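**Student:** Please work out how this folds:
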Amino acid sequence: MRKVMISAPHSWLRNQLDLQDEAQETTLRSFLTQHLASYSFAPGQHILQLAEKIMNPPSVAAGPLATLNLRAQGLDIMWQACLAMMAEKEKQPPVLSSANRQDCERIREFIMANLDRDLTIDLIAQKVAISASTVQRRFKKHYGTTLYNFIKQQRLEAACVALSRDSIPISQAAHLAGYNNTSTFTSAFRKLYGFSPKKMRALGKGDPCRSGSG
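**Tutor:** Numbers count the residues shown, from 1 in each chain. Predicted coordinates for the structure are as follows:
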């Protein structure tokens, strides 16, 4: 299986989509403001051709045109993804009650305050006084991701910040993110950010450590 990953800063994407008006309610605005939002669709032939041009650029796109070619194909793919999202018939998800939303916020607050602990579903459920199955169901409905993925991402972001801000060793960053070895940590980090922990450490302060989620 071959993959192409395209990423863009959240603020840049919002500017390009002209979503500065906070009162404007659109499909794209809803997606961009949802924490850990995800969207899947089946790519058409055009997107597949664009991806192929990224992986195997034509000879004319070599040399000084290489970067421009990558950006052009990447922007086209992003454009096609936005069109697909807007064209898809909107399905409004069930709205959580105010009490349930507060439960989800308490779950999130507990996780964020205890990222250095062994966070199991049972422990989280015990701390917020909700059954384990209810915790998982409500959290995913409210935040659009599983507890496991949320914890994993937050730990990686904490490691990223420490690498960028404090230039800590890669091994220490791996431990901070909950990994026993640097190889596994590096793979997970690269999958989330598109580059290695070593590169993030070299970039230093001022580089974003969020994966694009709000």
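**Student:** where does the protein dip in pLDDT?
**Tutor:** For the chain, applying pLDDT under 70 flags the ranges 1, 18-26, 61, 89-96, 205-214.
**Student:** now do 80
**Tutor:** 1-2, 10-37, 58-65, 69, 86-99, 203-214 (pLDDT under 80).
**Student:** where exactly do the helices run in it?
**Tutor:** 10-16, 27-33, 45-55, 66-87, 98-113, 121-128, 132-143, 147-166, 170-176, 182-193, 197-203 (DSSP state H).
**Student:** Hmm, Val4 and Lys78 touching each other?
**Tutor:** To be clear, residue 78 is Met; Lys isn't right here. No: counting by C-beta atoms under 8 Å, Met78 stays clear of Val4, with 11.6 Å between them. From N, CA and C alone the C-beta is placed, and that goes for glycine too.
**Student:** Can I get the helices of the chain in JSON lines including distance to Tyr39 and mean neighbour count?
**Tutor:** Compiled in JSON lines, the helices of the chain are given as follows (distance: least, C-beta to C-beta, whole Å; neighbours: other C-beta atoms under 10 Å):
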{"stretch": "helix 10-16", "distance to Tyr39": "13", "mean neighbour count": "13"}
{"stretch": "helix 27-33", "distance to Tyr39": "6", "mean neighbour count": "15"}
{"stretch": "helix 45-55", "distance to Tyr39": "14", "mean neighbour count": "14"}
{"stretch": "helix 66-87", "distance to Tyr39": "6", "mean neighbour count": "14"}
{"stretch": "helix 98-113", "distance to Tyr39": "21", "mean neighbour count": "14"}
{"stretch": "helix 121-128", "distance to Tyr39": "26", "mean neighbour count": "16"}
{"stretch": "helix 132-143", "distance to Tyr39": "15", "mean neighbour count": "17"}
{"stretch": "helix 147-166", "distance to Tyr39": "15", "mean neighbour count": "19"}
{"stretch": "helix 170-176", "distance to Tyr39": "30", "mean neighbour count": "19"}
{"stretch": "helix 182-193", "distance to Tyr39": "17", "mean neighbour count": "17"}
{"stretch": "helix 197-203", "distance to Tyr39": "26", "mean neighbour count": "18"}
